[in-house]
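Enquirer: sharing a model prediction with you, sequence too.
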Amino acid sequence: MENVKPTQFSVHLITDTIKSLYSGAIDLIYPPLCLICDERLEQAGLEICHSCLNNFKLIGTPHGQFSVSGDIHISTAWALFEYDESFQQLIHHLKYSRRRKPIGVVLNHYKSQILDQLPVNEIDLVISIPLHPRKFRERGYNQVDDMSRWLSGRLNAELGNHLVKRKKYTSSQTKLNAEERMENVRAAFGVTDASVLQGKHILLVDDVLTTGATSNALAGILKQSGAAKIDLITLSTPQFGNA
């Protein structure tokens, strides 16, 4: 009897079937739960249930004030969602639990409302606030890179994450006041190619807008390097009236 060698297609089919059965068995034993409310998910891939997704509160208006002294280099800042308990949980998972997929789910769910606020076709570059290489190794990823990629594609802008770097390893800003935050990020950033920044309208991307010290420090460096205008967008802010 002639031996029949399995084709590449049949091997992939068998592998995919085994993975599907394994995943199904895991879901039966450990059903996927919503990251926010811990209720069982109807769609495991979303990681957030429809109820929690619909309950996030979109702010819908830009912020123009910052809690840092001195020159402000950012023209307009948007903090998309209210920093309530549910959204704090989402931010925590994004930064510390390697759960990056839900951000895309949230952005896609509120896509039209988000883009209605932003200057589509006016932004030249979208840039994430960079992590120091040491922090990047510790965390394994920059928690806002996926958001900057999402925005660049929908704003018809170039992704410019490679154009900035974090030169100084800074301690956590969480327990610092505005002045301490400013000192903590002083001289923290640099650019890799100033020629690309000349005359550009740049949208910076971060997760939480507190005092604005970090984003304003980077914006200042970008302005010195020739950028014409800097805007900022974050997922949320604990200071609704004074970002």
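Expert: Everything's here; your move. All values reported here derive from a predicted model rather than from experimental measurement. Numbers count the residues shown, from 1 in each chain.

Enquirer: quick one: the strands in the chain?
Expert: For the chain, applying DSSP state E gives strands covering 77-82, 125-128, 158-159, 164-166, 189-191, 201-208, 229-237.

Enquirer: got those strands as JSON lines, with mean neighbour count columns?
Expert: Where C-beta positions appear, they are placed from N, C-alpha and C, glycine not excepted. Putting the strands of the chain into JSON lines (neighbours: other C-beta atoms under 10 Å) gives the following:
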{"stretch": "strand 77-82", "mean neighbour count": "21"}
{"stretch": "strand 125-128", "mean neighbour count": "24"}
{"stretch": "strand 158-159", "mean neighbour count": "15"}
{"stretch": "strand 164-166", "mean neighbour count": "20"}
{"stretch": "strand 189-191", "mean neighbour count": "19"}
{"stretch": "strand 201-208", "mean neighbour count": "22"}
{"stretch": "strand 229-237", "mean neighbour count": "24"}
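
Enquirer: mind putting these in CSV, mean pLDDT and distance to His63 included?
Expert: Formatted as CSV, the strands of the chain follow (pLDDT from 0 to 100; distance: least, C-beta to C-beta, whole Å):
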stretch, mean pLDDT, distance to His63
strand 77-82, 94, 5
strand 125-128, 98, 18
strand 158-159, 98, 24
strand 164-166, 94, 22
strand 189-191, 93, 21
strand 201-208, 97, 13
strand 229-237, 96, 7
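
Enquirer: can you redo those strands as JSON lines with distance to Lys111?
Expert: What follows is the strands of the chain, written out as JSON lines (distance: least, C-beta to C-beta, whole Å):
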{"stretch": "strand 77-82", "distance to Lys111": "11"}
{"stretch": "strand 125-128", "distance to Lys111": "16"}
{"stretch": "strand 158-159", "distance to Lys111": "18"}
{"stretch": "strand 164-166", "distance to Lys111": "26"}
{"stretch": "strand 189-191", "distance to Lys111": "30"}
{"stretch": "strand 201-208", "distance to Lys111": "16"}
{"stretch": "strand 229-237", "distance to Lys111": "14"}
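
Enquirer: what's the closest of these to Glu42?
Expert: Of all the strands of the chain, strand 77-82 sits nearest to Glu42, with 22.9 Å by C-beta to C-beta.
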